[in-house]
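Q: below are the sequence and a predicted model for it; my questions follow.
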Amino acid sequence: MKFLGIDLGWKSQPSGLCCIEWADQQLQILDLDRKEAIADILNWVDTCVPPGESAVIAVDAPTLIPNATGSRLPDKLTHKHFGKYHAGCYPANLNLPFAQRTINFGLELESRGFAHAPTIEPQKPGRYQIEVFPHPAIVHLFNLERILKYKKGRLSDRRQELIKLYNHITQTLPTLEPSSCTSRLRGSLLPQIPTKGAALKAAEDKLDSLICAYVAAYWWYWGEQRNLVLGDLTTGYIVVPQRIGDRGEGEEFSPLSSFSRPSHYLLCP
């Protein structure tokens, strides 16, 4: 079983790409790359997962956008439940410039048999796609008090925050279940965090895609037992791992009583 993470460029900028595989009870990083053209990204997908092979693809981009204006329900829910960690996401609607690009990308994946999976039977082979958001995933997987702020600010500050993410990936991910072997990351794929601006941005995109790929694996491995789903197929949705060590018990995650859904679903703004 393979898991692809795509930190999709919402406009024309390059996208981070990661492919990991579940083999011998461990996740192995097969590829970590960055491509710009959508056609090149789709070719990469086809190479990593030929027709008939099983995989989950996790995309950091709004691939389902039902609303013409304003924000989607999952966008609002990130602010409600993760705003205190500074982990609210950007609004998405059909009138924003990126909408056609991100929606079409999801449709391209669907045409390859990757069905949207806001629900999943754990560890069942198949071809699935989900939307993810690295910031709250990072907060929960690594039990942080706020996001790692490697996106904005002075280059030196961004680099220090990205080093923290790199260390969490190489030191903490191997201790989680499913476990991830990161020796290739520390070896040939990304031995250190660059010091220059363009190279730093490339490393950021790649590490974001690695987080996306791990969330895909976590969703497939645990399903709704240890993940949260913000929204559903009709509203758009984002899959977020539950906080490690907490499993959501007693946390702020609970729907309004008007929704007859399990507690891992967050459908109330």
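A: In hand now; what should we look at?

Q: was I right about A55 contacting F3?
A: Yes: using C-beta atoms under 8 Å, A55 is in contact with F3, at 6.5 Å. Quick note: C-beta positions are derived from backbone N, CA and C, even for glycine.

Q: neighbour count winner among those two?
A: Relative neighbour count places F3 above the other of A55 and F3, with 30 against 24, counting by other C-beta atoms under 10 Å.

Q: tell me if I am right that that one is in a strand.
A: Yes: secondary structure assignment (DSSP: H, G, I helix; E, B strand; the rest coil) places F3 inside a strand.

Q: which residues does F114 contact?
A: When contacts are counted by C-beta atoms under 8 Å, 6 or more residues apart in numbering, F114 is found next to 55, 57, 127-129.

Q: ok, and the most crowded of the residues you listed?
A: The member of these that has the most neighbours, counting by other C-beta under 10 Å, is I57 with 27 neighbours.

Q: just the pLDDT for the nearest residue to L228 once chain neighbours are set aside.
A: Counting by C-beta to C-beta, 6 or more residues apart in numbering, V240 is the residue found nearest to L228 once chain neighbours are left out, at 4.7 Å. Here, the pLDDT recorded for V240 equals 98.

Q: need the phi and psi values for V240.
A: Per-residue torsions, V240: phi -130, psi 130 (degrees, to the nearest 10).

Q: which of the contacts of F114 sits closest to D208?
A: Out of those, the one with the shortest distance to D208 is I57. That distance is 14.5 Å, counting by C-beta to C-beta.

Q: partner strands of the helix or strand containing the closest one, parallel or antiparallel?
A: In this assignment (DSSP states H and E), I57 forms part of strand 55-59. Strand 55-59 has these partner strands in its sheet, going by DSSP bridges: strand 2-7 (parallel), strand 127-131 (parallel).

Q: so how far is the last one from its chain's centroid?
A: Mean-position distance between strand 127-131 and its chain equals 10 Å (C-alpha atoms, centre = their mean, to the nearest Å).

Q: next SSE after it?
A: Per DSSP H and E, strand 127-131 leads on to helix 134-141 as the next helix or strand towards the C-terminus.

Q: now do that next one, average pLDDT.
A: In this model, helix 134-141 has a mean pLDDT of 97.

Q: helices and strands around the helix or strand just after it, which ones?
A: The first helix or strand that comes after helix 134-141 along the chain, using DSSP H and E, is helix 155-171. Using 3 or more C-beta pairs under 8 Å, 6 or more residues apart in numbering; DSSP states H and E as the contact test, the elements touching helix 155-171 are helix 134-141, helix 197-222.

Q: 7 Å instead?
A: In this structure, helix 155-171 packs against helix 197-222, with contacts taken as 3 or more C-beta pairs under 7 Å, 6 or more residues apart in numbering; DSSP states H and E.

Q: helix, strand or coil for I244?
A: Look at I244: counting by three-state DSSP, its state is coil.

Q: thought it was touching L141?
A: Yes: in this structure, I244 is within contact of L141 by C-beta atoms under 7 Å, at 6.0 Å.

Q: and the two? Which one has more around it.
A: L141 (23 against 15).

Q: ok, now which ones touch that one?
A: The neighbours of L141, taking C-beta atoms under 7 Å, 6 or more residues apart in numbering as the test, are 176, 241, 244.

Q: what's the nearest residue to the last one if we skip its chain neighbours?
A: Of all residues not flanking I244 in the chain, N143 sits nearest, at 5.3 Å (C-beta to C-beta, 6+ apart).
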